[in-house]
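In: take this sequence and fold it.
(one chain, ligands or ions: 1)
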Amino acid sequence: MKSLPIGILGSGKGSNCRAILERIQSGDLAAETRLVISDVLDAPILDMAREFGVANAYLPPGRFRTRLEPVIEEQLVKMLRDAGVELVVLAGFMRVLHKPMLRAFPRRIINIHPSLLPKFPGLEAWKQALVAGEIVTGCTVHYVDEQIDHGQILAQKEVRISPNDTPDSLHARIQVLEHELYPAVIAEFCKRYNEASQQVWRLAR
Ligand code: GRF
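Out: A predicted model of the protein is given here:
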């Protein structure tokens, strides 16, 4: 079985990254993490990559707050391409990607979000669900497009909200599910990558 080369982008603690790296390490997931990249110099996700012996890099994001400067986004494309990445996995990456990345990796960039999209895109989605009085929330893996937490949905998992839930308790339960769902979706891509010839994989977007 050939391993799917992936690149992981994150800005924070990287618990999803850990879940993916552990599944790969245990031989459960036929992927190979070529590179972990963060826009935050001291992000724990970079320490985690080092802990697992994975190549990692800090990418200074430039002068914008919610996106990368276009020239830097081009640099990101080059870094991922040079590393041979076939699937880009966003794991808590806090910047919206634009044309350079979306053109370079069409239907090859995925994200995980802590709500049942299209409900509650944006920050602290678990709090939004609590405030809205929802009974059920969850997490979603989706393709990335130019809008925030938008793009074709690939998979979801549900969590019941209990009357005693606090934002922290709910978020913790959602994260447990995220750590199951994200590797499972990546496993689907690994399967497709193995079934298709290189050429078919490139065209099948
Ligand atoms: C996750 O809750 C994910 O849904 C969202 O950002 C968070 C990242 O958490 N996109 P972690 O850094 O993987 O722990």
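
In: what number of residues lie near the residue in the chain positioned nearest to the ligand?
Out: The chain approaches the ligand most closely through residue 92 (2.7 Å), counting by Cβ to the nearest ligand atom. C-beta: built from backbone N, CA, C; applies to glycine. As a burial measure, residue 92 scores 21 neighbours (other Cβ atoms under 10 Å).

In: need the contact list for it.
Out: The neighbours of residue 92, taking Cβ atoms under 8 Å, 6 or more residues apart in numbering as the test, are 10, 11, 12, 13, 14, 16, 17, 45.

In: which of these ranks first by neighbour count?
Out: Within the contacts of residue 92, most neighbours by other Cβ under 10 Å means residue 17, with 28 neighbours.

In: okay, residue 187: pLDDT?
Out: Residue 187 carries a pLDDT value of 97.

In: what sits against it?
Out: Going by Cβ under 8 Å, 6+ apart, residue 187 touches 28, 29, 30.

In: how far away is it from residue 73?
Out: 28 Å (Cβ to Cβ, to the nearest Å).

In: just how off-centre is the longest helix that the chain contains within its chain?
Out: Secondary structure assigned by DSSP state H gives helix 167-195 as the longest helix of the chain. Mean C-alpha position of helix 167-195 versus that of the full chain (Cα atoms, centre = their mean, to the nearest Å) differs by 9 Å.

In: what comes up buried for that helix?
Out: Buried residues in helix 167-195, counting neighbours by 16 or more other Cβ atoms under 10 Å, are found at 170-171, 173-175, 177-179, 181-183, 185-187, 189-190, 193.

In: ok, and what's touching stretch 140-160?
Out: Contacts of stretch 140-160 (Cβ under 8 Å, 6+ apart): 88, 90, 96-99, 102, 107, 109-113, 115-118, 121-122, 125, 135-139, 170, 173-174, 177-178, 180-182, 184-185, 188.

In: centroid-nearest residue for the protein?
Out: The residue lying closest to the centre of the chain (Cα atoms, centre = their mean) is residue 90, at 2.4 Å.

In: what helix or strand is the closest residue to that residue other than its chain neighbours on?
Out: Ranked by Cβ to Cβ, 6 or more residues apart in numbering and with sequence neighbours excluded, the top spatial neighbour of residue 90 is residue 111, at 4.1 Å. Element membership for residue 111, per DSSP states H and E: strand 109-113.

In: how far off centre is the next helix or strand after that strand?
Out: Proceeding N to C from strand 109-113, the next assigned helix or strand is helix 125-131, under DSSP H and E. Distance of helix 125-131 from the chain centroid (Cα atoms, centre = their mean) equals 21 Å.

In: neighbouring contacts of helix 125-131?
Out: Under Cβ under 8 Å, 6+ apart, the answer for helix 125-131 is 113-115, 119-120, 122, 137, 149, 161, 165, 167, 170-171, 174.
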